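1. could you look at this predicted model? Sequence included:
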Amino acid sequence: MEIRVNPTRMEYNRLKGRLKMAERGHKLLKDKRDELMRKFLELIRENKKVRQEVEAALSRSFANFLLASAVMSSAAMEEAVMYPKAAVKVDVKTENIMSVRVPRISVAAAGEEAEDATPYGFADTSAELDSSLAELAGILPQLIRLAELEKAVALLADEIDKTRRRVNALEHIMIPQLQETIKYISMKLDENERSSLTRLMKIKDLVRGDETA
Amino acid sequence: MFMYKVAVIGDKDSILGFKALGVATYPVTGPAEALRALREIERDKVAVVCITEAIAEHIQPEIDALNQKTLPAVVLIPNNKGSLGHGMRQIKKNAEKAIGADILFGKEGS
């Protein structure tokens, strides 16, 4: 399929410029896609690993928690965890991966840096609750790392999808279309040239014939 | 420097432990409450939202919308009854979207 244009030399030059631009853009986007893909593969492998770890650790912690709730009454448990010692705060920076803005989240525990995170006295709580909470506290940094990774992976997947569409549109539609059209114009121009040449020769013959006769 | 918060949405039994650590907890029982909690979180400065898979199931469109933005980051976590596999499926979906084929989970034949 070619674009409908007037077969003029001006149009020809314009299309040549566009083709050059499209080819350059295509090459750049292809590089972008490849680099994004490389990063993506790195991240998604890690994402999978971290998620498996977190899920395993969380179910372990939940099991402990279940034990704790079996030993203590639910009211006592709620009371025990009611007032946390420290609030979990995180610090967010953004990182730029091939112009995709990806958050970098790091834990910055505000409040006093307590050695153990248990916000309750040990008098009327069970040991199961202690160990379950300690485990949960251990998971938290990984959980946040997981959040960061999953976000990055999701954003990158989006961007890769978009970039790939663009690359394909350029490669399979724009560039062939431009090439076709340029070919069409150059053929038309050549054709015009030939026809005017033959016309001139014919006229010359006619004029010569008149003179000799 | 401003600090962001971490939030957890889920059924009460699953998220009680997080409360003791100082994470903002939003105990919910159904999708309607979960949506309300999510709205509240959007207004707050929250960087990481953990949602249990059992709840996330019902509010998937909203979660997808959040996934488009830079913040907050949504993580699906298993609840106390075990993992439903949504989190892993999400990774798989992302891989398929980006690469066109699933390369990570190919061995399982699904």
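-> Cool, the structure landed.

2. okay, now the unreliable bits of chain A?
-> Where chain A drops to pLDDT under 70, the residues are A:1-2, A:74, A:77, A:81-87, A:108-125, A:213.

3. and the helices in it?
-> Secondary structure of chain A, counting by DSSP state H: helices at A:9-71, A:74-81, A:127-169, A:175-212.

4. is any part of the first one close to chain B?
-> Yes: in this structure, helix A:9-71 sits against chain B according to C-beta under 8 Å from any C-beta of the partner chain; the contacting residues are A:37, A:40-41, A:44-45, A:47-48, A:51, A:54-55, A:58-59, A:61-62, A:65-66, A:69. The way it works is simple: take the backbone N, C-alpha and C, and place the C-beta from them, glycine included.

5. lowest-pLDDT helix or strand in chain B?
-> helix B:12-21 (a mean of 74; mean pLDDT, DSSP states H and E).

6. which strands or helices does that one pack on?
-> Applying 3 or more C-beta pairs under 8 Å, 6 or more residues apart in numbering or on different chains; DSSP states H and E, we find helix B:12-21 packed against helix A:9-71, helix A:74-81, helix A:127-169, strand B:4-10, strand B:24-27, strand B:46-52.

7. do that again at 6 Å, thanks
-> Taking 3 or more C-beta pairs under 6 Å, 6 or more residues apart in numbering or on different chains; DSSP states H and E as the contact definition, the neighbouring helices and strands of helix B:12-21 are helix A:74-81, helix A:127-169, strand B:24-27.

8. could I get the ones you listed in TSV, plus columns for mean neighbour count?
-> Output for the helices and strands packed on helix B:12-21, formatted as TSV (neighbours: other C-beta atoms under 10 Å in any protein chain shown):
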stretch	mean neighbour count
helix A:74-81	16
helix A:127-169	20
strand B:24-27	20
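
9. next, format those as CSV and append distance to residue B:48.
-> Compiled in CSV, these are given as follows (distance: least, C-beta to C-beta, whole Å):
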stretch, distance to residue B:48
helix A:74-81, 20
helix A:127-169, 4
strand B:24-27, 10
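
10. which one, of the ones you listed, ends up nearest to residue B:85?
-> Put simply, out of the helices and strands packed on helix B:12-21 the one that sits nearest residue B:85 is helix A:127-169, at 14.9 Å, with distance taken as C-beta to C-beta.

11. is the closest one in proximity to chain B?
-> Yes: contact check for helix A:127-169 against chain B, using C-beta under 6 Å from any C-beta of the partner chain: residues in range are A:133, A:136, A:137, A:144, A:146, A:147, A:151, A:153, A:154, A:157, A:160, A:161.

12. ok, residue B:94 touching residue A:151?
-> No: between residue B:94 and residue A:151 there is no contact, the gap being 10.7 Å when judged by C-beta atoms under 6 Å.

13. now the angle from the least confident helix or strand of chain B to helix A:127-169?
-> Counting by axes from the mean of the first three to the mean of the last three C-alpha atoms, to 10 degrees, helix B:12-21 points 100 degrees away from the direction of helix A:127-169.

14. so helix B:12-21 versus strand B:4-10, what angle?
-> 160 degrees.

15. list the buried residues for helix B:12-21?
-> B:13, B:14, B:15, B:16, B:17, B:18, B:19, B:20, B:21 (16 or more other C-beta atoms under 10 Å in any protein chain shown).

16. show me the contacts for residue A:151.
-> For residue A:151, the contacting residues are A:103, B:73, taking C-beta atoms under 6 Å, 6 or more residues apart in numbering or on different chains as the criterion.

17. of all the helices of chain A, which lies closest to residue B:60?
-> Nearest to residue B:60 among the helices of chain A is helix A:127-169 (13.6 Å), distances taken as C-beta to C-beta.

18. tally up the residues packed near residue B:94, please.
-> Other residues within reach of residue B:94, judged by other C-beta atoms under 10 Å in any protein chain shown, total 25.

19. show me what the helix or strand encompassing it is packed up against.
-> Using DSSP states H and E, residue B:94 sits in helix B:86-99. When contacts are defined as 3+ C-beta pairs under 6 Å, 6+ apart, helix B:86-99 sits against helix A:9-71, helix A:127-169.

20. to residue A:105, which of the helices of chain A lies closest?
-> Ranking the helices of chain A by distance to residue A:105, with C-beta to C-beta as the measure, places helix A:127-169 first at 4.6 Å.

21. what is the orientation angle of the closest one with helix A:9-71?
-> Put simply, helix A:127-169 runs at 170 degrees to helix A:9-71, going by the same axes, to 10 degrees.

22. how about residue 72, what does it touch?
-> Going with chain A. Applying C-beta under 6 Å, 6+ apart, we find residue A:72 in contact with residue A:126.

23. um, chain B though
-> Contact partners of residue B:72, counting by C-beta under 6 Å, 6+ apart, are B:46, B:47, B:49.

24. try it again at 8 Å.
-> Contacts here follow C-beta atoms under 8 Å, 6 or more residues apart in numbering or on different chains; on that basis residue B:72 touches B:7, B:41, B:42, B:46, B:47, B:48, B:49, B:66.

25. ok, which pair from the residues you listed is furthest apart?
-> B:42 and B:48 (13.4 Å).
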